[in-house]
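Novice: how would this look folded up:
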Amino acid sequence: MWTDNETAQDFLNFGGIAKTVAEIIEQAQSRPISIGVSGAWGVGKSSMIKLIRTELSARHDEESKPSKFIFVEFNAWLYQGYDDARAALIEVVASTLAKEADERKTGIGKAKELLERVNWFRAIKLAAGSAASLALGIPPAGLLGELWGFGKILVAGDVDKEAVDAVKSAAGEAEKTATGLIKPKRTTSPPKEIEALRTSFEELLKEMGVTLVVLIDDLDRCLPETTISTLEAIRLLLFLKHTAFVIAADDQMIKHAVKRHFQGVDDELVINYFDKLIQVPIRVPPLGTQEVRAYMMMLFIENSDLDSKEKERIRGEVCSQLGRSWQGKRVDLKFLRSLNDKLSDALIARLDAADRLAPLMTSATGIAGNPRLIKRFLNALSIRMSMSRAQGVGVDES
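Specialist: Numbers count the residues shown, from 1 in each chain. Model (predicted):
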C-alpha cells in the first residue's frame, strides 16, 4: 500500500524543474518574484513545492552561515472554516520572521514592531467581524462567541457557580486578547497602516539579509471565499523586495473562484486577475508512458525489502535515465535489472506488471497518467488481491 501524501522524493525527474525555479529565485537577487506552479489535481504540485524547498535549502554552506532563505509553508485549506485565511497568512509570516530574528540575533526590534502591526490588523478584523455579527443577530466567533453563549445562559436564568466562573474566565481571556492585539504605537487610517506594514516587512528582511520564500499550497482545495482571501493576503505582501512567492494551484479552479467571487466579470478579466499575481507560470508536465512506467516501478521498489541506500541509488539512476529519454533511453525491466542483478523474483514480477500496466495507466481516461490516481489504482488492486487470498480464491495477479 502507498500513502496518498506529497513527498520530497523525486520519482519523475521533477528535480530539473525544481532547480529551474530555485535558479529563478536566486537570480532575482532580492527583487520580488512570484511563481505559479499549476496543474490538475493529483499531478504532483505539492511534491514539486517540497522539491523546490529542498533545492533552495541545499544552496548554502550549512557550516559557514545561516541560510539566506527563510521559508514559510502555508496551506490555506487547513485554516478553512476556523480562521480568516488572509489574517492567518500574514500572522504566520510575521511569527516565522520574529522567530528567525530571535534565533539569528538580528532585526529583533523590527520583528517586534512588525508583530505589533499584524496584531493591529487582527484587532480590527476581530472588532469588525464581531460588530457585523451582532448587528445581524449572529453569534460572533471565538472568545466573543463564548461570551455571547454564556450571556444567553445567564439571561435564561440557568445559572450555577460553574457557569459564573466560565463567564469570568472567558471575559478575562477576551480582555487579554483585546489588549494583546491592540498595541500599535499609533492608530492611523487603514491605508497608512497597510503601507507601514509593507515597509516594516521590507525593512526587517533587509536588516536580516534574507529572502522570504512563501510556499502556498492546496489553494485549489479551498472554497472560493478562502481562495480569494488568501490571494488578497498574497497581494498585500506581493512585490516587496526580498520576497519570493511560489503558489501551487490548479489555475482552472482559481479562475472558477475568481468568477464566483466577482460575479458578472467576463473571462478576460478573470484571467487578468490571476495573471497579475503570477510573474512566472510553470505547469507540471503531463506524464507519458515512459514516466508512468518509471513511476510505478519506483513505487514497487520503494515498498520492497531492498536496502534504503540501494533504493536511493536506483532512484537516482532512474531520474538520470528519464532525463535522457529524448535520446531514446528507456526505463524498463531490462534497465532496472542492469542496475541490480539480484532483485528478488517477487519484485521482478511486480516490475514486470508495472511494465505491462504503464500503457494502460497512461491511456485510460479515468487515470490519464495521474500519479495520485495511479497510486489509488495500485492500492485498490492490492486490497482485492488480499481479499482473494482471504477467501481462498487464489487469483493470479498477472
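Novice: shaky segments in the stretch 1-150 of the chain?
Specialist: The model of the stretch 1-150 of the chain has pLDDT under 70 over residues 4-8, 60-64, 81-83, 121-150.
Novice: go again using 90 as the cut-off
Specialist: The model of the stretch 1-150 of the chain has pLDDT under 90 over residues 1-21, 26-32, 36-68, 73-94, 100, 102-150.
Novice: are we agreed that residue 356 is in a strand?
Specialist: No - Residue 356 sits outside any strand when classified using DSSP: H, G, I helix; E, B strand; the rest coil, being helix.
Novice: from residue 370, how far off is it?
Specialist: 19 Å (CB to CB, to the nearest Å). C-betas here are computed from N, CA, C, even on glycine.
Novice: more crowded one of the two?
Specialist: Between residue 356 and residue 370, counted using other CB atoms under 10 Å, residue 370 has the larger neighbour count: 23 against 11.
Novice: residue 30 against residue 241, yeah?
Specialist: Yes - assessed by CB atoms under 8 Å, residue 30 is found in contact with residue 241 at 5.7 Å.
Novice: show me where this structure has strands.
Specialist: Using DSSP state E, the strands of the chain run over 33-38, 69-75, 211-217, 243-249, 280-283.
Novice: can I get those strands in TSV with distance to residue 97 and mean neighbour count?
Specialist: Compiled in TSV, the strands of the chain are given as follows (distance: least, CB to CB, whole Å; neighbours: other CB atoms under 10 Å):
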stretch	distance to residue 97	mean neighbour count
strand 33-38	18	22
strand 69-75	7	19
strand 211-217	7	23
strand 243-249	11	25
strand 280-283	24	16
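Novice: can I get the ones you listed in CSV including distance to residue 311?
Specialist: Shown next, in CSV, are the strands of the chain (distance: least, CB to CB, whole Å):
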stretch, distance to residue 311
strand 33-38, 27
strand 69-75, 26
strand 211-217, 26
strand 243-249, 27
strand 280-283, 28
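Novice: can you point out the buried residues in stretch 46-54?
Specialist: Within stretch 46-54, the residues that count as buried by 16 or more other CB atoms under 10 Å are 46-53.
Novice: and the residues you listed, which is closest to residue 378?
Specialist: residue 47 (16.9 Å; CB to CB).
Novice: does the closest one touch residue 14 like I think?
Specialist: Yes - counting by CB under 8 Å, residue 14 is a contact partner of residue 47 at 6.9 Å.
Novice: between those two, what contacts are shared?
Specialist: Common neighbours of residue 47 and residue 14, using CB atoms under 8 Å, 6 or more residues apart in numbering, do not exist here.
Novice: per-residue pLDDT, residue 364?
Specialist: With respect to pLDDT, residue 364 scores 91.
Novice: relative to residue 373, how far out is it?
Specialist: 9 Å.
Novice: list the residues that contact residue 80.
Specialist: Contacts of residue 80 (CB under 8 Å, 6+ apart): 222-223, 226.
Novice: which of these fall in helices?
Specialist: Among those, the members falling in helices (DSSP state H) are residue 226.
Novice: sounds good, over and out.
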